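Student: Got a sequence here, can you build the structure:
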Amino acid sequence: MSKPRSLVLPPRTRARSLVTARGDFAVLDTEPLGEPRGTVLLLPGYTGSKEDFLAVLEPLSEAGYRAVAVDGRGQYESAGPRGRAAYRRRALALDAVAQAAALGDGPVHLVGHSFGGLVARGAASLAPAAFRTLTLLSSGPGRVARPQRIRIRVLRVALALLPKERVWRAMCWLDSRGEEPDTDDTPELAGFLRRRWMRTRTPQLACAGRLLLDRRDGAPELAALRTPLHVVYGSDEMVWPVQDLATAAARTGAHHTVVAGAGHSPNVSHPRELTDRLTGFWERQAAPAGVRTAP
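Tutor: Residues are numbered from 1 along each chain as shown. Sure, this is the predicted structure:
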């Protein structure tokens, strides 16, 4: 999961409810600074939330973009039903299409981080006219790496057998035994992480985990899209094999970005550099034919 380094809302940002044709969703909505250049819809990953994008909201705003980060159905502060059928990828993708429509800004740039990338590519397939571009951030069309597959399987079994509080304590203990244990969480951040875990619906966690374990090759789906595609990830990515991501970018003809020194969450660790790469891609897509823009 992504772990924000600060929970302070950036300038021009408000937490609100986005009312859509498919229900209400909790969002962080950041207005652009100066002349508007577009709107960005940001979908978080597995066990994550809209707060995973806090660090990129201000630089996106400064670049002239309205940035809207959303809690998906059943994630943290967005309501979600108990039935697992509500968390199939098509249902989540339709939610993203409805969110884009509710923003009222015409086609938007869609960015999906990790699991959010699976949802995002489903949304772009269902309603390509709703999105100006699609960015898969630390998210691949292939299988996640073996250590992550094992972790997800264990988590799904634990959720089926144990109370969520016990699962949370076990996860924290396992993380503390890693090679680089997290020892600097402030009480505020630790409280937020636990609260986010406890408020995310168990069916959402179980179903999202199942989707992440899907063995199907999603590259043909991406290659068939007419929406301009950007594949971006950190050089130290560990959830998807880096070579598989590079191969997927080549197979789909996507614009390909590697953020040096970043891990699975460039949105947290390298927000300014990531923003530069995202806006550079968007500007190239908006430029008239024959006009070159900065890389």
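
Student: Which per-residue confidence value corresponds to the residue nearest the centre of the chain?
Tutor: Nearest to the mean C-alpha position of the chain, by Cα atoms, centre = their mean, lies residue 113 at 2.5 Å. The score at residue 113 is 98. That number is its pLDDT.

Student: likewise the one 5 residues further on?
Tutor: According to the prediction, residue 118 has pLDDT 96.

Student: Then residue 183?
Tutor: pLDDT, read off for residue 183, is 49.

Student: cool, the one 4 residues further on as well?
Tutor: Each residue has a pLDDT score; the one for residue 187 is 92.

Student: In contact with residue 18, which residues?
Tutor: 24, 25, 26, 27, 29, 68, 70, 99, 102, 103 (Cβ atoms under 8 Å, 6 or more residues apart in numbering). (Each C-beta comes from the backbone N, C-alpha and C, glycine too.)

Student: Oops, could you answer that again for residue 94 instead?
Tutor: Shown in contact with residue 94 (Cβ under 8 Å, 6+ apart): 22, 123, 126.

Student: what about the first one, neighbour count?
Tutor: Residues near residue 22, counting by other Cβ atoms under 10 Å, number 15.

Student: ok, now the second one?
Tutor: Neighbour count of residue 123, defined by other Cβ under 10 Å: 29.

Student: cool, residue 96 as well?
Tutor: Neighbours around residue 96, by other Cβ under 10 Å: 30.

Student: Give me the secondary structure label for the residue lying closest to it once chain neighbours are set aside.
Tutor: Computed as Cβ to Cβ, 6 or more residues apart in numbering, the closest residue to residue 96 that is not its neighbour in sequence is residue 123, at 3.8 Å. Following DSSP: H, G, I helix; E, B strand; the rest coil, residue 123 is assigned to helix.

Student: In this model residue 129 seems to touch residue 123, though I could be wrong.
Tutor: No: between residue 123 and residue 129 there is no contact under Cβ atoms under 8 Å: 11.4 Å.

Student: related to what we said a few turns ago, please report how far the residue nearest to residue 96 lies from residue 212.
Tutor: 17 Å (Cβ to Cβ, to the nearest Å).

Student: and if you look at residue 264?
Tutor: 13 Å.

Student: Kindly report the same for residue 103.
Tutor: In terms of Cβ to Cβ, residue 103 sits 27 Å off from residue 212.

Student: next one: residue 231
Tutor: Separation of residue 231 from residue 212 (Cβ to Cβ): 17 Å.

Student: Residue 11 - how many residues pack around it?
Tutor: Residue 11, neighbours per other Cβ under 10 Å, totals 11.

Student: I'd say residue 66 and residue 27 touch.
Tutor: No: between residue 66 and residue 27 there is no contact, the gap being 11.2 Å when judged by Cβ under 8 Å.

Student: higher neighbour count, residue 231 and residue 212?
Tutor: More crowded of residue 231 and residue 212, by other Cβ under 10 Å: residue 231, with 25 against 21.

Student: For the more buried one, grab phi and psi.
Tutor: Backbone geometry at residue 231, expressed as degrees, to the nearest 10, gives phi -110, psi 120.

Student: So for it, what pLDDT did the model give?
Tutor: pLDDT, residue 231: 98.

Student: again with residue 176
Tutor: For residue 176, the predicted pLDDT is 70.

Student: can I get the contacts of residue 94 in TSV with distance to residue 79 and pLDDT?
Tutor: Listed next are those as TSV, based on distance: Cβ to Cβ, whole Å; pLDDT from 0 to 100:
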residue	distance to residue 79	pLDDT
22	11	97
123	20	97
126	22	96
